[in-house]
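A.B. asks: Model the structure of this input:
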Amino acid sequence: MSETPRSTGAPAHQNVTFPSAGGTAHGYLALPPSGQGPGVIVIQEWWGLTDHIADVADRLAQEGFVALAPDLYGGNVAHDSQEAYRMMQDLPVPRGVELLSGAVDYLLDRPEVTSEGVGSVGFCMGGGFVLYQAATDQRVRAAVPFYGVVQGELPDFSGMRARVLGHYGERDEAIPLESLDTLRETIEAQTGVAPDLRVYPADHAFFNDGRPEVHDPESAAKAWESTVAFLREQLA
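C.D. replies: This is a model prediction of the structure:
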């Protein structure tokens, strides 16, 4: 994962604050043109809450969702891959899941949110957190990891209510294709429902249009179209 962020060193996007994990958290909230809709959490890459992640929230809002991207790094954005790796390592998985739980509390308390549960969409590090969050929080009804990097052991999915739609690149050196077989088999064995894990002729971070060296417009468009349809179906 040696990619560079869309806006290197730019400040994190923040426009809301909310209580979370015993403190005050920040995030970026995007509302749909209608003013209300189902709630979706957008989880950042290892860079932080960058332009790209805020743009994904805006795009989801244009599709009719109330989208919240919580800032898991407390306002920090990585300048390079070494700093991003350090920041990711400084965020233990249980702490990240706790912060995400507070974000779900806040989102479901918003009067604009019409759904009883939420969708969760994440990228790279955030894709891994999508799976951890869905495994522990039954309010997550739709889980969409984009090239999700799982740190360590797979979580226990036996209590998960969410359906899973995953997007991965066949040339992604960070996520071997055989690991997707393990993920698929584990989720199906523990929940009775096989996840829909889709593989595209693309690299890691193929959805990030701020990285032309790996962005694959065709694969990204297909993944986006299916994601929007999946979220609408699961959060109806």
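
A.B. asks: So which elements touch the longest strand belonging to the chain?
C.D. replies: With secondary structure taken from DSSP state E, the chain has its longest strand at strand 113-123. Under the contact criterion of 3 or more CB pairs under 8 Å, 6 or more residues apart in numbering; DSSP states H and E, strand 113-123 touches strand 37-43, helix 51-62, helix 93-109, helix 125-136, strand 140-146, helix 217-234. For the C-beta atoms, the positions are set from N, CA and C on the backbone; glycine is no exception.

A.B. asks: Go through these and name the closest to Val164.
C.D. replies: Distances from Val164 to each of these were compared using CB to CB; the shortest belongs to strand 140-146, at 4.7 Å.

A.B. asks: For the longest strand of the chain, list the C-alpha coordinates in CSV.
C.D. replies: The C-alpha atoms that make up strand 113-123 are tabulated as CSV, following Å, rounded to 0.1, in the frame of the first residue of the first chain:
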residue,chain,number,x,y,z
VAL,A,113,-31.9,9.4,8.8
THR,A,114,-34.8,7.2,7.8
SER,A,115,-33.3,3.8,8.2
GLU,A,116,-33.3,1.7,11.4
GLY,A,117,-29.8,0.4,10.6
VAL,A,118,-26.8,1.8,8.6
GLY,A,119,-24.6,0.8,5.8
SER,A,120,-20.9,0.9,6.1
VAL,A,121,-18.5,1.6,3.2
GLY,A,122,-14.7,1.6,3.7
PHE,A,123,-11.5,1.6,1.8
